[in-house]
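# Take a look and give me a structure for this.
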Amino acid sequence: MADASELIAYEKYIGADKAEHLSRVSTASTGWSIKATNNKLYAIKFDSNFVKKHLYTSTKKADTVAAKAGELYAAAGKPQGKSAADFMEQARQLLDQAKFKKQLGHRTQEEQQICGNCNHERKKHFTGSGGPLPVPGPKCKQPGCTCTGWSEKTAYADARKAKNKPTVNPLAGATTEKNSVIWLNKIDRVTFEKVIVDSIIAKEATLAKASKTWDAGGEHIDWDFGAANKGCVVYFEVGQSPDQWLQKQGVEVLIKQGTPMVVNSPVYVVVHMEKKLI
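Next comes the predicted model:
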């Protein structure tokens with residue numbers, strides 16, 4: 001049975017190496033059409049870089065997994081009766097864990113926006129709301145720092161730009177060192193789509209019964225994928241080892257109602273992953 005990672009779309013691009021590569025389609029361009037039991041076709045869209053931030057997938061590089069399995073097989077002393085193929089699952093798990101750590105690292109202050117002169121974060125130089133920053137900016141306020149002025153450094157975006165990736169910073173927004181993600185490979189596509197649409201239908205019914213409409217700021221909705229899929233939701237923090245990661249079966253999300261363009265095709269936009277885990 002196909003897993004939910006099939007829902008993630010990719011686009012081709014020519015990298016700085018002149019070769020063709022694949023990159024995730026941006027969150028703004030991601031949309032799914034899911035037919036519900038009420039015969040409506042629900043259009044599910046996303047905002048605030050939700051897809052890249054919270055929908056994780058396993059490594060797609062089969063050759064890398066095979067090479068890692070070979071390393072593990074050799075490290076184990078090439079046990080009799082076994083082959084590198086017996087280490088494939090362990091190899092995939094280790095590579096996925098490394099990938100997830102790297103992805104969370106891209107959302108930290110260090111990779112998103114720091115001072116290129118002293119490596120201190122923005123708030124050590126500036127206070128107040130965001131927006132364009134002057135260069136050179138104010139001196140660093142970190143005690144003992146000799147930096148004479150802000151010079152922006154965006155390591156993650158710069159690295160992607162150097163590779164000619166189509167979306168320079170798909171993780172733009174608030175920085176963090178912790179995250180809740182849905183591991184799409186750990187849940188089948190049918191179940192995943194059903195949970196999403198059924199949760200919206202249930203909220204629609206609850207609001208209608210109370211003679212209310214969908215809140216303009218969004219409604220908080222639980223996505224519970226069931227005990228059989230425990231581990232499809234993972235909460236982890238920078239610096240934690242995988243054995244410290246929380247394995248869960250669901251999350252709470254904030255969903256706004258969009259403007260339908262077609263009759264019987266409601267539009268909903270997933271905008272935020274809440275702190276609640278199920």
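
# Show me which helix runs longest in the chain.
When the chain is parsed with DSSP state H, its longest helix is helix 189-209.

# Give me the contacts around that one.
The contact list for helix 189-209, computed with Cβ atoms under 8 Å, 6 or more residues apart in numbering, reads 1-4, 6-7, 32, 34, 36-38, 42, 44, 184, 213-214, 219, 221-226, 229, 255, 266, 268. (Each C-beta comes from the backbone N, C-alpha and C, glycine too.)

# Mind checking the pLDDT average for it?
Across helix 189-209, pLDDT averages out at 96.

# What of stretch 58-78?
94.

# same check, this time on stretch 94-112
On average, stretch 94-112 scores 94.

# Go through it and flag the buried ones.
94-97, 100-101, 104, 106-108, 110-112 (16 or more other Cβ atoms under 10 Å).

# Okay, now the sheet partners of the helix or strand harbouring Ile255, with direction.
Element membership of Ile255 [criterion: DSSP states H and E] is strand 250-257. Within its sheet, strand 250-257 is paired with strand 219-224 (antiparallel), strand 267-277 (antiparallel), according to DSSP bridges.

# Just give me how far the first one sits from the chain centre.
To tie it back to what came earlier, the one meant is strand 219-224. Taking Cα atoms, centre = their mean, to the nearest Å, one finds strand 219-224 lying 17 Å from the centre of the chain it belongs to.

# Could you figure out how far that strand is turned away from helix 189-209?
Counting by axes from the mean of the first three to the mean of the last three Cα atoms, to 10 degrees, strand 219-224 lies at 140 degrees to helix 189-209.

# Could you count how many residues lie near Ile84?
Rather than Ile, residue 84 is Ala. 18 (other Cβ atoms under 10 Å).

# That one against Tyr73, yeah?
Yes. Counting by Cβ atoms under 8 Å, Ala84 does reach Tyr73; the two are 4.2 Å apart.

# Return the helix or strand in the chain with minimum mean pLDDT.
strand 152-153 (a mean of 84; mean pLDDT, DSSP states H and E).

# So what's the gap between stretch 239-250 and the chain middle?
15 Å.

# An error on my part: the question was meant for stretch 9-24.
That offset, for stretch 9-24, works out to 19 Å (Cα atoms, centre = their mean).

# again with stretch 161-178
That offset, for stretch 161-178, works out to 11 Å (Cα atoms, centre = their mean).

# Regarding the residue of the chain positioned farthest from its centre, what is its secondary structure?
Here the chain reaches farthest from its C-alpha mean at Gln80, the gap being 40.7 Å by Cα atoms, centre = their mean. Assigned with DSSP: H, G, I helix; E, B strand; the rest coil, Gln80 falls in the coil class.

# At which residues are the strands of the protein located?
Taking DSSP state E as the test, the strands found in the chain are 10-14, 20-24, 31-35, 41-46, 55-56, 114-115, 152-153, 178-183, 219-224, 233-237, 246-248, 250-257, 267-277.

# for those strands, which one sits closest to Lys163?
Taking Cβ to Cβ, strand 20-24 is the member of those nearest to Lys163, at 7.9 Å.

# Quick one: list the elements packing against that closest one.
Using 3 or more Cβ pairs under 8 Å, 6 or more residues apart in numbering; DSSP states H and E, the elements in contact with strand 20-24 are strand 10-14.

# ok, residues contacting the strand it packs on?
Residues outside strand 10-14 that contact it (Cβ under 8 Å, 6+ apart) are Glu20, His21, Leu22, Ser23, Arg24, Val25, Asn164, Lys165, Pro166.

# rerun at 10 Å
19-26, 29, 60, 163-167 (Cβ atoms under 10 Å, 6 or more residues apart in numbering).
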